[in-house]
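Here is a sequence with its predicted model. Questions after.
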Amino acid sequence: MALSQDLANVRNIGIAAHVDAGKTTLTERVLFYTGASHKIGEVHDGQAHMDYIPEEQEHGITIMAAVTKAQWGDHLIQIVDTPGHVDFTIEVERSMRVLDGCVIVLDGVRGAEPQTETVWRQRSKFKLPAMFFINKMDRPGADFRRALESITQKLKGDPVAVIFPVPEDRALIHLIDKVKISFRGDNGEEVVTEPVDEATWASTLDLRESLYLAAAEYDESIEEAVLMEEEPDADALWAALRKACLSGNVQPCMGGTALKNQGVQPLLDAVIKLLPAPLDRPPSEATNLETQEPELVAMDASEPLAALCFKVQMWDGRRHVFARIYRGTITKGMQISVPQADGSILTERIARVFDVDADKKNRLDTAVAGQIVLLAGLRHVTTGQTLCDVAHPVLLAPIDLREPVLGLAIEASSTKDEEKLLEALGKLLQEDPTLRLEEDAETGQRVLRGMGELHLQITFERLQRENKLDVRAGKPDVVTREAISSPAKANTQFHRVIELETKTIEMKASAWVAVKPLARGEGLRVHTEELRVLPAGTMLSAEQAAAVAAGARDAATTGPLGSPLQDIEVTVEKVELFEDASSEQALRIAVAEATRKAIALASPVLLRPIMRTEVVVPEENLGSVLGDLQSRLAVIHATEPQGEVASIRCDVPLDKLLGYTTTLRSMTRGRGNFTMEFDRFDVA
């Protein structure tokens, strides 16, 4: 079959959700019904095919994004099952970067949740077509229409129902094909369709009208049918809805219950009909490194290679790289170029190419544009780097990485294991770019920083299991930042005389600096454009001008309280030169001293990591939990009843949430839970 025909029958999709919405359970059913797996693995039994590392099986959550393949009819679906816990959101970010479409799973009771919002932002960033599977529709309190409303209100999406669940009948109503669907057999493998009775069909009128109106935007014949109050043709509806979905503006929604084997096969049909093939996606943007001009990378196997490393993983003790091929062909033994951040280009050789199914890999001789593959032999490639043709170097857009917010001092229990610990940590740091290893300048301790308590806990467990290392951890250390709260000005004169054996060196310069606070997230700005130079009529050389800007940046790196400084504007207003004594070094020191003085006068404040938090508790515990949160300096934004439970949305300083899991369980007799996501550094 021709390459274009092959790619037309491929779907590269991700399955993403808030933690515990049921995405891994859904993925297990997809693998079973497509024949990719011969039994259904359950998350609660620790037997899920996609949760293959021991920590995932023990904790009952997905930690690493896993890749697998499934055949549905004559179509190949390549699936990435992503984590739902916010501590591992980098796995979602880098997966979304290389996929063509996604299925977002919602809990039918709770609708769109905080991590759903994070996933949605990641999807929107890459303009991925998406559909929703509204899961757990058999639970008390599940409400399909309310879930659609939550997509509109919380995500600002445009959901349209395609498959409406009728839990009391254990059936689904297909709003395009106009059939009632039920599932029989031990595992729901037999799909039974029958006509819909008029009363049930009439009850879906509001959902059908929304569907028809969304499709009418993309097909005039449907628009005419709607105006004539007629039901549109099913084939025309599918075609129009596909256009709407590929535009990214409309999200088809399917209901079901994955755990009870209901709704998965119709979802697979919809994935094929509505989500894009690789060729349906617009070309990727890149920079041609020879011309430094923008270049569009079209999905063509015959053109020069352009691929993106989106994940590094140690597999059987050896370093492997997951890559999405956007253009060209990869063969084993092939030499490639890897552009570096400093502008240099590294050359590497691909030893082997693999196809991946969760924790299994199969050797390939060749992989082409549109595929997601595993590569061995690349010793230096890191997450977000481009793999390209040696004769045609290009740079694809990188993957944005998040800064860690929590640290733990870490050391080996035995001094003889120190070297082994550093080697093991080095491997984990390559796999997970949201981990950092730093050395505390004051104590000399090594501090491992990550995205949260669970993230660091899993890392410690992996060190013990994979490397047989016993490690000790100190108390959690929350990362802080510093800002100023008022404008200020200062000036200084730097004067130093250095006596050498052969000559005397004099350094002298004066500087006047103003600082003012910026809004949160604005970073650091340095202005020297309107700088006045004394004596009047004197001009700075290019080297002196660079030294002035560098001095301001030097001083604005760390604040008086000892934390990295942010959200500050530094303006160097004036400098005074003293002939040859005002060297570049003298100017740099003078400006730095004036800047430090101004910052110290500008009422510096400590910024703590503020976490966007949702706490879900039984209604009866709502009052006591709210009181406890307020004692933790929480800013409460909303409380929402959700059946027998209530959801509290709030902002809380991270240091006040350390160990909160234990407190919350105690207050709610084990029935409460919470999720948090880093939002910003701010004053508590």
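Nice, thanks for sending it over.

where's the residue lying closest to Asp470 once chain neighbours are set aside relative to Thr34, distance?
Closest residue in space to Asp470, ignoring its immediate chain neighbours: Ser413 at 4.2 Å, by Cβ to Cβ, 6 or more residues apart in numbering. Backbone N, C-alpha and C define where each C-beta goes, glycine included. Taking Cβ to Cβ, to the nearest Å as the measure, Ser413 falls 47 Å from Thr34.

more crowded one of those two?
Thr34 (21 against 11; other Cβ atoms under 10 Å).

what residues are up against the more buried one?
Ala70, Gln71, Trp72, Ile77, Leu268 (Cβ atoms under 8 Å, 6 or more residues apart in numbering).

any idea which helix or strand comes after the helix or strand encompassing Glu117?
Per DSSP states H and E: Glu117 is located in helix 114-125. Counting by DSSP H and E, the next helix or strand C-terminal to helix 114-125 is strand 130-135.

neighbouring contacts of the helix or strand following that next one?
Using DSSP H and E, the helix or strand that follows strand 130-135 in sequence is helix 144-155. With contacts defined as Cβ under 8 Å, 6+ apart, helix 144-155 is touched by 106, 108, 111-112, 116-117, 120, 132, 134, 137, 157-159, 161, 164-165, 207, 251, 253, 255.

Just the C-alphas of stretch 245-264, formatted as CSV.
C-alpha atoms of stretch 245-264 as CSV (Å, rounded to 0.1, in the frame of the first residue of the first chain):
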residue,chain,number,x,y,z
CYS,A,245,-13.6,18.1,15.1
LEU,A,246,-10.5,18.6,13.0
SER,A,247,-10.8,22.3,13.2
GLY,A,248,-10.4,21.9,17.0
ASN,A,249,-13.5,24.1,17.6
VAL,A,250,-16.0,21.3,18.4
GLN,A,251,-15.6,18.2,20.6
PRO,A,252,-17.8,15.1,20.0
CYS,A,253,-18.8,13.5,23.3
MET,A,254,-19.6,9.8,23.9
GLY,A,255,-21.1,8.3,27.1
GLY,A,256,-20.4,4.9,28.6
THR,A,257,-19.0,2.9,31.5
ALA,A,258,-15.6,1.3,30.7
LEU,A,259,-15.5,-0.9,33.8
LYS,A,260,-18.9,-2.4,32.8
ASN,A,261,-17.8,-2.8,29.2
GLN,A,262,-20.3,-0.3,27.8
GLY,A,263,-19.5,2.2,25.1
VAL,A,264,-16.0,1.3,24.1
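
can you list the weak-confidence ranges in the stretch 451-600 of the chain?
For the stretch 451-600 of the chain, no stretch is flagged by pLDDT under 70.

Pick out the residue nearest the middle of the chain.
By Cα atoms, centre = their mean, the chain has its centre lying nearest to Glu93, at 2.7 Å.

Read off the pLDDT value for the residue nearest to Asp470.
Reported pLDDT at Ser413 in the predicted model: 82.

thinking it is in contact with Ala473, fair?
No: between Ser413 and Ala473 there is no contact under Cβ atoms under 8 Å: 10.6 Å.

wait, what's in contact with the residue nearest to the centre of the chain?
By Cβ under 8 Å, 6+ apart, the residues touching Glu93 are Gln122, Ile399, Asp400, Arg402.

That one: which element?
Using DSSP H and E, Glu93 sits within helix 89-98.

Please pull up the helix or strand immediately following that helix.
Criterion used, DSSP H and E; the element after helix 89-98 is strand 101-107.

Identify all contacting residues around the helix ranked longest in the chain.
Longest helix in the chain by number of residues (criterion: DSSP state H): helix 584-601. Helix 584-601 is contacted by residues 484, 488-494, 496, 507-515, 543-544, 546-548, 550-552, 554-556, 559-560, 565, 568, 570, 572, 575, 577 when judged by Cβ under 8 Å, 6+ apart.

Please flag which of those sit within strands.
Among these, the residues falling in strands (DSSP state E) are 484, 488-494, 496, 507-515, 568, 570, 572, 575, 577.

Quick check on those: which are buried?
Buried residues within those, counting neighbours by 16 or more other Cβ atoms under 10 Å: 484, 488-492, 494, 507-515, 568, 570, 572, 575, 577.

Quick check: most distant residue from the centroid of this structure.
Thr502 (60.2 Å).
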